[in-house]
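K.L.:
from the sequence below, what's the structure:
(one chain, ligands or ions: 1)
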Amino acid sequence: MPTSSPLFPEAASTIAGRVDALYFFLIGLTVFFSVLIAGLIIYCAIRFRRRSPREVGQKMHAHYGLEATWTVIPLAITMFLFVWASRVYVEMVRPPDETLNIYVVGKQWMWKFQHLDGQREINELHVPVDRDVKLIATSEDVIHDFFVPAFRVKVDVIPGRYVSIWFRSTKAGRYRLFCAEYCGTKHSGMTGEVVVMDPPAYQAWLSGGATQQTLSEAGQQLFSDLACNTCHRADLKGRGPVLEGVFGQAVTLQSGEKVVADEAYIRESILNPAAKITAGYQPIMPTFQGQVSEEQLLALVEYVKSLHK
Ligand code: CUA
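P.N.:
Presented below is the predicted three-dimensional model:
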């Protein structure tokens, strides 16, 4: 497989080889059938051409064996491809249990990254080599698309939603990052770089900004600045649900329905509190739509995640 050419990006993640194998198989298959069909058309056009102006074509008879063959073979090939591609897809979208989480916010026209330790970056993302990294991404304006060709990682970043994607890079280096969804006049300039570092270099880079707050500390600060803590108290005396230990758990709603308190649920509960009211509570929480930025939302989400019983 080519390692790097102008037409083909370098392969620098664990999934890259599997994506490439599928890609080359598809190319090979397409070339094979294109040549076969084009060849047959040319051959038959010559072999069965009309030899005199008076010639009348022969009567055709159905050949069931032939019909069955060209039905069953393509069916088998497409089913094989379906199973193969689905397995690659599932592996791409399902992150391992233990990941290094990094938040991504797309904005016209830049990529903002927020590390849990508090570091923030714009258009540059530092990650350690040989670690499973999960990106949790959203957009604060329009749809963007996070694309790192060398990792074969690509995901639409959608306003109002958290999408996640993961990768494990296999070699240190700098890899181009693109926005792959037309998002306005400067879409083509919405690029950046992923810097993959060896673990010691990454640790050194991380501790470079050691004096700042971690993301959940920033969230805690905001939680009290916005007075969330007056209602969401740990002692069951608050007017809002207790948030300690809620993350990742099933929450019973007024309707009796159960939902899992994930990132999206917490985000929605901050922006549109009336959407899913926890059973036993009144819908009295005000909305914080327009008062908190996407980055602040991430800090709040991370703070709630950090609250254990
Ligand atoms: Cu963002 Cu194109």
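K.L.:
the ligand contacts on the chain?
P.N.:
106, 109, 144, 179, 181, 182, 183, 187, 190 (C-beta under 6 Å from any ligand atom). For every residue, glycine as well, the C-beta is placed using N, CA and C.
K.L.:
can I assume the fourth one is in contact with residue 146?
P.N.:
So that's residue 179. Yes - Residue 179 lies in contact with residue 146 (C-beta atoms under 8 Å); the separation is 7.4 Å.
K.L.:
where does pLDDT dip in this protein?
P.N.:
1-6, 209-211 (pLDDT under 70).
K.L.:
ranges for the strands of it?
P.N.:
Under the criterion DSSP state E, the chain contains strands at 100-107, 110-115, 120-122, 124-128, 132-139, 144-148, 153-157, 163-168, 173-179, 192-197, 250-252, 258-260.
K.L.:
just those strands: most buried one?
P.N.:
Most buried of the strands of the chain, by mean neighbour count (mean count of other C-beta atoms under 10 Å): strand 144-148, with a mean of 24.
K.L.:
what angle separates it from strand 100-107?
P.N.:
130 degrees (axes from the mean of the first three to the mean of the last three C-alpha atoms, to 10 degrees).
K.L.:
report the angle between strand 144-148 and strand 153-157.
P.N.:
Using the same axes, to 10 degrees: strand 144-148 against strand 153-157 is 170 degrees.
K.L.:
touching strand 144-148 from outside, list them.
P.N.:
For strand 144-148, the external contacting residues (C-beta atoms under 8 Å, 6 or more residues apart in numbering) are 104, 106, 111, 135, 137, 153-157, 165, 167, 175-181, 183, 190, 194.
K.L.:
switch to 6 Å and redo it
P.N.:
Identification of contacts with strand 144-148 by C-beta atoms under 6 Å, 6 or more residues apart in numbering yields 106, 137, 154-157, 175, 177-181, 183, 194.
K.L.:
and residue 214, what are its phi and psi?
P.N.:
With angles defined as degrees, to the nearest 10, residue 214 sits at phi -80, psi 170.
K.L.:
tell me the contacts of the nearest residue in space to it that is not next to it in sequence?
P.N.:
What sits nearest to residue 214 in space, not counting adjacent residues and going by C-beta to C-beta, 6 or more residues apart in numbering, is residue 118, at 4.7 Å. Contacts for residue 118 (C-beta under 6 Å, 6+ apart) come out as 212, 213, 214, 215.
K.L.:
can you redo the strands of the chain as JSON lines with distance to residue 293?
P.N.:
Shown next, in JSON lines, are the strands of the chain (distance: least, C-beta to C-beta, whole Å):
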{"stretch": "strand 100-107", "distance to residue 293": "9"}
{"stretch": "strand 110-115", "distance to residue 293": "10"}
{"stretch": "strand 120-122", "distance to residue 293": "12"}
{"stretch": "strand 124-128", "distance to residue 293": "19"}
{"stretch": "strand 132-139", "distance to residue 293": "11"}
{"stretch": "strand 144-148", "distance to residue 293": "16"}
{"stretch": "strand 153-157", "distance to residue 293": "16"}
{"stretch": "strand 163-168", "distance to residue 293": "18"}
{"stretch": "strand 173-179", "distance to residue 293": "20"}
{"stretch": "strand 192-197", "distance to residue 293": "20"}
{"stretch": "strand 250-252", "distance to residue 293": "25"}
{"stretch": "strand 258-260", "distance to residue 293": "25"}
